[in-house]
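In: Structure of the sequence below:
(chains A and B)
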Amino acid sequence: EAQVTQNPRYLITVTGKKLTVTCSQNMNHEYMSWYRQDPGLGLRQIYYSMNVEVTDKGDVPEGYKVSRKEKRNFPLILESPSPNQTSLYFCASSPLGRNSPLHFGNGTRLTVT
Amino acid sequence: GESVGLHLPTLSVQEGDNSIINCAYSNSASDYFIWYKQESGKGPQFIIDIRSNMDKRQGQRVTVLLNKTVKHLSLQIAATQPGDSAVYFCAEMEDYKLSFGAGTTVTVRA
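Out: All right, here's what the predicted structure looks like:
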């Protein structure tokens, strides 16, 4: 089944403790992206990648890192999480061609205390 | 700045009626538009898309209308069913950047 898989689905952590949220897609998509979803603010892009070893900042990149060492994986790294990073995170992927819809994972709900 | 937004945050619909969800966009350079459905506990799910060189596109029970003159996008759902209860987002794309509106919560009344 074609899908975007995120892990974990739920994560509670404390301020300053490094964490990684994994994302993997099995559709051979070049483009991958991370979004955070907050009430009243909708989906905001954190980082995106148009291919292996190519990453770029989205609208809200502060406090996050990503890597794209392989085509299928695009982990999101929080080196020193803070409470304002408590949010619902979505990974998405698509073919690189224009006019291609994003396929989303089922989300990771992160709470930073 | 330019953004995509929805006219109403909530919509209550009687089962069996048609639903219309509206969206206004302001980026005239956007050339691709998508409607997503998000159910509780899940990620956004693609419903239908439309390119800027079209003004209407139909899918199964759904129709998207694009009015570039007034920068307006709508999603019509025919014969709304309980399973249509969800949050609906419109999104616009310029180059490879996808921008989302805040969403409309659709509740279907039995």
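In: For the residue lying closest to A:V4 once chain neighbours are set aside, which residues are in contact?
Out: Using Cβ to Cβ, 6 or more residues apart in numbering or on different chains and skipping the chain neighbours, the partner closest in space to A:V4 is A:G105 (3.9 Å). For glycine as for every other residue, the C-beta is placed from the backbone atoms N, C-alpha and C. Going by Cβ atoms under 8 Å, 6 or more residues apart in numbering or on different chains, A:G105 touches A:3-6, A:23, A:90-92, B:43.
In: Try it again at 10 Å.
Out: Applying Cβ atoms under 10 Å, 6 or more residues apart in numbering or on different chains to A:G105 gives the contacts A:3-7, A:9, A:21-25, A:34, A:89-93, B:42-44.
In: measure it to A:N99 for me?
Out: Distance check for A:G105 against A:N99: by Cβ to Cβ, to the nearest Å, it reads 22 Å.
In: Next: A:L19.
Out: 35 Å.
In: more neighbours, the two?
Out: A:L19 (18 against 15; other Cβ atoms under 10 Å in any protein chain shown).
In: Show me what that one bridges to in the sheet.
Out: Judged by DSSP bridges, the bridge partners of A:L19 are A:L78.
In: Spell out which parts of chain A neighbour chain B.
Out: Neighbours of chain B within chain A, by Cβ under 10 Å from any Cβ of the partner chain: A:4, A:6, A:9, A:31, A:33, A:35, A:37, A:39-45, A:48, A:50, A:56, A:58-59, A:88, A:90-92, A:94, A:96-107, A:109.
In: Now list the buried members of the residues you listed.
Out: For the residues of chain A next to chain B, a neighbour count by 16 or more other Cβ atoms under 10 Å in any protein chain shown gives the buried set as A:4, A:6, A:31, A:33, A:35, A:37, A:42-45, A:48, A:58, A:88, A:90-92, A:94, A:100-105, A:107.
In: Mark which of those residues are part of strands, please.
Out: Counting by DSSP state E, the part of these found in strands is A:4, A:6, A:31, A:33, A:35, A:37, A:42-45, A:48, A:88, A:90-92, A:94, A:103-104.
In: which regions of chain B lie under the pLDDT threshold?
Out: Applying pLDDT under 70 to chain B flags residues B:1-7.
In: List the residues that contact the residue nearest to A:E79 when sequence neighbours are not counted.
Out: In space, and not counting its chain neighbours, A:E79 is closest to A:K18: 5.5 Å by Cβ to Cβ, 6+ apart. Shown in contact with A:K18 (Cβ under 10 Å, 6+ apart): A:77-81.
In: and the gap between A:K18 and A:P75?
Out: 12 Å.
In: Where do the strands of chain B begin and end?
Out: Using DSSP E, the strands of chain B run over B:4-6, B:10-14, B:19-25, B:32-38, B:45-51, B:56-58, B:62-67, B:72-77, B:86-94, B:97-100, B:104-109.
In: quick check: angle from the longest one to strand B:72-77?
Out: On the basis of axes from the mean of the first three to the mean of the last three Cα atoms, to 10 degrees, strand B:86-94 is oriented at 140 degrees to strand B:72-77.
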